[in-house]
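Asker: Have a look at this prediction, sequence included:
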Amino acid sequence: MAILLPTISTSFIAISGILVALGWYAIAKRNMERHMKLMKWAAICATIFFITYVSRTIFVGNTLFGGPDNIRVIYQIFLIFHIILATVGGVMGLVTLNYAYKKRYDKHRKIGPWTSVIWLVTAITGVTVYSLLYLIYPGGETTGVLDVIFGW
């Protein structure tokens, strides 16, 4: 059970990243209808990720890095980088979607590529964090989010 929620949430972030890449490809091919559908599903998957992640954080806690001490600092820096990217990408995603829904395509076109790149990197770094916490090394104890971020 300890790995079930992280696996579910990470799967949704990975799927959202793949859908963003496919949506970007669709718009490059001028297939606006396909682009819109893919991006809507990417946003839905990202939202499901966010809900499962926040729920787990509130009700269960987060997992400390269980790998060797000699790479713990590198992991913590990587985790902070991922969190900053995810926050920026999430906000930019909301802004980008808002421009699209309001048919402000001029602004959507300007911010969309940046949002996509940030979200793709966020998805990749998120899967990397998951792999380091649950697949490569045994997960540490479950604790509060600040303890996990700063390695306390």
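Answerer: Cool, got the structure.
Asker: low pLDDT regions in this protein?
Answerer: The chain contains residues with pLDDT under 70 at 1-2, 152.
Asker: remind me, longest helix of it?
Answerer: helix 72-101 (DSSP state H).
Asker: Please identify the buried residues of whichever helix or strand comes after it?
Answerer: Sequence-wise, the next helix or strand downstream of helix 72-101 (DSSP states H and E) is helix 105-130. Residues of helix 105-130 classed as buried under the neighbour-count rule (16 or more other C-beta atoms under 10 Å) are 108, 112, 115-116, 118-123, 125-127, 129-130. (Each C-beta comes from the backbone N, C-alpha and C, glycine too.)
Asker: Helix 105-130 relative to helix 72-101, how many degrees between them?
Answerer: Regarding helix 105-130 and helix 72-101, their directions subtend 150 degrees when assessed with axes from the mean of the first three to the mean of the last three C-alpha atoms, to 10 degrees.
Asker: so what secondary structure elements neighbour the strand or helix carrying T10?
Answerer: Under DSSP H and E, the secondary-structure element containing T10 is helix 4-28. Judged by 3 or more C-beta pairs under 8 Å, 6 or more residues apart in numbering; DSSP states H and E, helix 4-28 is in contact with helix 32-59, helix 105-130.
Asker: one more time with 10 Å
Answerer: Using 3 or more C-beta pairs under 10 Å, 6 or more residues apart in numbering; DSSP states H and E as the contact definition, the elements that helix 4-28 packs against are helix 32-59, helix 72-101, helix 105-130.
Asker: Now M92: closest residue in space that isn't a chain neighbour?
Answerer: Nearest non-adjacent residue to M92, counting by C-beta to C-beta, 6 or more residues apart in numbering: T115, 4.2 Å away.
Asker: how close does the one you found get to Y105?
Answerer: Going from T115 to Y105 by C-beta to C-beta, to the nearest Å gives 14 Å.
Asker: who touches the residue nearest to M92 in this structure?
Answerer: Applying C-beta atoms under 10 Å, 6 or more residues apart in numbering, one finds that T115 lies in contact with 20, 39, 88-97, 99, 108.
Asker: from those residues, which would you call buried?
Answerer: 20, 39, 89-90, 92-93, 96-97, 99, 108.
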